[in-house]
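K.L.:
The amino acid sequence is not available; the structure is as follows:
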(Lines give C-alpha, C1' and ligand atoms only; values in the text may rest on other atoms or scores of the structure.)
Protein backbone atom coordinates (compact mmCIF):
# COMPACT_ATOMS: atom_id res chain seq x y z
CA UNK A 1 0.00 0.00 0.00
CA UNK A 2 1.21 3.45 -0.92
CA UNK A 3 -0.75 6.53 0.17
CA UNK A 4 0.12 9.99 -1.20
CA UNK A 5 -1.61 13.34 -0.87
CA UNK A 6 -2.09 14.77 -4.36
CA UNK A 7 -4.03 17.96 -3.52
CA UNK A 8 -3.43 19.80 -0.25
CA UNK A 9 -6.25 21.49 1.67
CA UNK A 10 -7.28 24.84 0.19
CA UNK A 11 -7.62 26.37 3.66
CA UNK A 12 -5.56 26.30 6.84
CA UNK A 13 -7.08 25.11 10.12
CA UNK A 14 -6.71 28.63 11.53
CA UNK A 15 -6.44 32.14 10.16
CA UNK A 16 -3.52 34.33 11.16
CA UNK A 17 -5.98 36.68 12.89
CA UNK A 18 -7.44 33.81 14.93
CA UNK A 19 -4.00 32.61 16.01
CA UNK A 20 -2.75 36.11 16.73
CA UNK A 21 -5.84 36.73 18.93
CA UNK A 22 -5.27 33.42 20.75
CA UNK A 23 -1.63 34.32 21.40
CA UNK A 24 -2.53 37.91 22.29
CA UNK A 25 0.05 39.04 19.75
CA UNK A 26 -1.07 42.57 18.97
CA UNK A 27 1.38 43.36 16.17
CA UNK A 28 2.49 41.62 13.01
CA UNK A 29 6.11 41.46 14.22
CA UNK A 30 6.02 37.69 14.78
CA UNK A 31 3.78 36.77 11.83
CA UNK A 32 6.48 34.84 9.96
CA UNK A 33 7.31 32.81 13.08
CA UNK A 34 3.63 32.27 13.86
CA UNK A 35 2.99 31.12 10.28
CA UNK A 36 5.74 28.51 10.57
CA UNK A 37 4.29 27.27 13.87
CA UNK A 38 0.84 27.02 12.28
CA UNK A 39 2.27 24.87 9.48
CA UNK A 40 4.07 22.62 11.98
CA UNK A 41 0.99 22.21 14.20
CA UNK A 42 -1.21 21.38 11.23
CA UNK A 43 1.32 18.82 9.96
CA UNK A 44 1.38 17.23 13.41
CA UNK A 45 -2.40 16.79 13.42
CA UNK A 46 -3.39 16.29 9.78
CA UNK A 47 -3.14 13.49 7.27
CA UNK A 48 -2.27 9.84 7.35
CA UNK A 49 1.01 10.42 9.21
CA UNK A 50 -0.48 12.98 11.62
CA UNK A 51 -1.17 11.92 15.19
CA UNK A 52 -4.90 11.75 14.47
CA UNK A 53 -4.49 9.55 11.38
CA UNK A 54 -7.24 11.46 9.58
CA UNK A 55 -7.76 14.25 7.07
CA UNK A 56 -9.02 17.52 8.51
CA UNK A 57 -9.82 20.11 5.82
CA UNK A 58 -10.83 18.50 2.47
CA UNK A 59 -7.87 17.10 0.53
CA UNK A 60 -7.25 14.59 -2.24
CA UNK A 61 -5.23 11.41 -1.78
CA UNK A 62 -4.15 8.54 -3.99
CA UNK A 63 -4.04 5.01 -2.63
CA UNK A 64 -2.01 2.51 -4.66
CA UNK A 65 -2.39 -1.23 -4.15
CA UNK A 66 -0.87 -4.35 -5.67
CA UNK A 67 -4.26 -5.73 -6.78
CA UNK A 68 -7.97 -5.56 -6.07
CA UNK A 69 -7.79 -8.25 -3.40
CA UNK A 70 -11.12 -9.66 -2.29
CA UNK A 71 -14.61 -8.21 -2.25
CA UNK A 72 -13.62 -4.96 -0.52
CA UNK A 73 -10.95 -2.27 -0.74
CA UNK A 74 -10.35 -0.41 2.51
CA UNK A 75 -9.77 3.35 2.16
CA UNK A 76 -7.58 4.13 5.19
CA UNK A 77 -8.00 7.87 5.74
CA UNK A 78 -11.16 9.10 7.47
CA UNK A 79 -13.42 10.87 7.07
CA UNK A 80 -13.92 9.71 3.50
CA UNK A 81 -16.01 12.10 1.41
CA UNK A 82 -15.94 10.48 -2.01
CA UNK A 83 -14.06 8.33 -4.50
CA UNK A 84 -12.95 10.38 -7.50
CA UNK A 85 -11.73 7.43 -9.53
CA UNK A 86 -10.78 3.77 -9.33
CA UNK A 87 -8.22 2.85 -11.95
CA UNK A 88 -5.72 0.11 -12.65
CA UNK A 89 -2.74 -0.49 -14.88
CA UNK A 90 -3.54 -3.33 -17.27
CA UNK A 91 -0.99 -5.88 -18.46
CA UNK A 92 -0.23 -3.69 -21.50
CA UNK A 93 0.70 -0.83 -19.12
CA UNK A 94 -2.38 1.19 -20.07
CA UNK A 95 -4.30 2.93 -17.31
CA UNK A 96 -7.91 1.70 -17.25
CA UNK A 97 -10.89 3.05 -15.30
CA UNK A 98 -13.21 0.71 -13.41
CA UNK A 99 -16.83 1.60 -14.13
CA UNK A 100 -18.72 2.94 -11.12
CA UNK A 101 -21.39 0.31 -11.78
CA UNK A 102 -18.91 -2.38 -10.66
CA UNK A 103 -18.49 -1.09 -7.12
CA UNK A 104 -20.25 0.71 -4.30
CA UNK A 105 -18.63 3.26 -1.98
CA UNK A 106 -19.38 2.89 1.73
CA UNK A 107 -18.56 5.96 3.82
CA UNK A 108 -17.92 5.40 7.53
CA UNK A 109 -16.86 8.70 9.10
CA UNK A 110 -14.55 7.48 11.86
CA UNK A 111 -13.17 4.40 10.12
CA UNK A 112 -12.53 5.72 6.65
CA UNK A 113 -14.52 3.84 4.08
CA UNK A 114 -14.68 0.93 1.69
CA UNK A 115 -15.12 0.22 -1.95
CA UNK A 116 -17.29 -2.89 -2.14
CA UNK A 117 -17.62 -5.07 -5.19
CA UNK A 118 -21.30 -5.13 -6.22
CA UNK A 119 -23.15 -8.44 -6.28
CA UNK A 120 -22.72 -10.23 -9.57
CA UNK A 121 -19.74 -8.08 -10.59
CA UNK A 122 -16.04 -8.92 -10.83
CA UNK A 123 -12.88 -6.90 -10.54
CA UNK A 124 -10.80 -6.70 -13.72
CA UNK A 125 -8.40 -9.61 -14.03
CA UNK A 126 -5.82 -8.07 -16.36
CA UNK A 127 -4.07 -6.00 -13.67
CA UNK A 128 -0.33 -5.69 -14.16
CA UNK A 129 1.92 -7.45 -11.68
CA UNK A 130 3.12 -4.11 -10.39
CA UNK A 131 3.13 -3.32 -6.66
CA UNK A 132 0.98 -0.28 -7.40
CA UNK A 133 -1.29 -1.58 -10.16
CA UNK A 134 -4.58 -0.44 -8.56
CA UNK A 135 -5.13 3.26 -7.84
CA UNK A 136 -7.88 4.86 -5.79
CA UNK A 137 -8.17 8.65 -5.98
CA UNK A 138 -10.31 9.94 -3.14
CA UNK A 139 -11.29 13.04 -1.19
CA UNK A 140 -11.15 12.98 2.60
CA UNK A 141 -11.73 15.54 5.33
CA UNK A 142 -14.50 17.14 7.33
CA UNK A 143 -15.20 19.80 4.70
CA UNK A 144 -13.67 22.56 2.61
CA UNK A 145 -13.57 25.16 5.40
CA UNK A 146 -11.67 25.16 8.68
CA UNK A 147 -14.99 25.70 10.45
CA UNK A 148 -16.06 22.21 9.26
CA UNK A 149 -13.33 20.62 11.42
CA UNK A 150 -14.45 19.77 14.98
CA UNK A 151 -13.72 22.65 17.36
CA UNK A 152 -11.92 20.32 19.79
CA UNK A 153 -9.28 19.56 17.13
CA UNK A 154 -8.91 23.22 16.21
CA UNK A 155 -8.63 24.23 19.88
CA UNK A 156 -6.03 21.53 20.60
CA UNK A 157 -4.04 22.92 17.68
CA UNK A 158 -4.23 26.43 19.12
CA UNK A 159 -2.90 25.09 22.43
CA UNK A 160 -0.03 23.41 20.56
CA UNK A 161 0.71 26.66 18.76
CA UNK A 162 0.75 28.50 22.10
CA UNK A 163 3.21 26.00 23.56
CA UNK A 164 5.54 26.34 20.59
CA UNK A 165 5.23 30.13 20.56
CA UNK A 166 5.91 30.56 24.26
CA UNK A 167 8.69 27.98 24.51
CA UNK A 168 10.99 28.60 21.55
CA UNK A 169 13.56 25.98 22.44
CA UNK A 170 14.19 22.26 22.37
CA UNK A 171 12.03 21.78 25.46
CA UNK A 172 8.91 22.82 23.49
CA UNK A 173 8.14 19.14 22.89
CA UNK A 174 7.95 18.51 26.62
CA UNK A 175 5.58 21.47 26.93
CA UNK A 176 3.26 19.77 24.44
CA UNK A 177 3.46 16.40 26.19
CA UNK A 178 2.81 18.04 29.55
CA UNK A 179 -0.41 19.66 28.36
CA UNK A 180 -3.14 17.16 29.28
CA UNK A 181 -5.84 19.36 27.76
CA UNK A 182 -4.38 18.84 24.28
CA UNK A 183 -4.63 15.07 24.60
CA UNK A 184 -8.10 15.23 26.18
CA UNK A 185 -9.35 17.32 23.27
CA UNK A 186 -7.78 15.00 20.68
CA UNK A 187 -8.54 11.60 22.23
CA UNK A 188 -12.05 11.20 20.74
CA UNK A 189 -10.61 11.83 17.27
CA UNK A 190 -7.50 9.63 17.43
CA UNK A 191 -7.80 6.77 15.02
CA UNK A 192 -7.24 3.31 16.43
CA UNK A 193 -6.34 0.56 13.97
CA UNK A 194 -7.36 -3.01 14.68
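P.N.:
Right, received. Where do you want to start? Small disclaimer: the values here were computed from a predicted structure and weren't measured.
K.L.:
Mean pLDDT per helix and strand in the chain: which one sits at the bottom?
P.N.:
helix 172-177 (a mean of 58; mean pLDDT, DSSP states H and E).
K.L.:
care to break the chain down by domain?
P.N.:
If you go by automatic domain parsing, the domain ranges for the chain are 7-55+145-188, 59-140.
K.L.:
Dump these to TSV, plus distance to residue 1 and mean neighbour count.
P.N.:
Backbone N, C-alpha and C define where each C-beta goes, glycine included. Formatted as TSV, the domains of the chain follow (distance: least, Cβ to Cβ, whole Å; neighbours: other Cβ atoms under 10 Å):
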stretch	distance to residue 1	mean neighbour count
domain 7-55+145-188	10	16
domain 59-140	6	16
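K.L.:
Pass me the low-pLDDT residue ranges in the chain, would you?
P.N.:
109, 169-178, 192-194 (pLDDT under 70).
K.L.:
Which stretches in it count as strands?
P.N.:
Remark: strands assigned in the chain by DSSP state E are 2-7, 59-65, 72-75, 80-89, 95-97, 103-108, 112-117, 134-140.
K.L.:
Check which helices and strands the third one sits against.
P.N.:
Helices and strands touching strand 72-75, as assessed by 3 or more Cβ pairs under 8 Å, 6 or more residues apart in numbering; DSSP states H and E, comprise strand 112-117, strand 134-140.
K.L.:
Can you say which of these is nearest to residue 27?
P.N.:
For the helices and strands packed on strand 72-75, proximity to residue 27 was assessed by Cβ to Cβ; strand 134-140 is nearest, at 37.1 Å.
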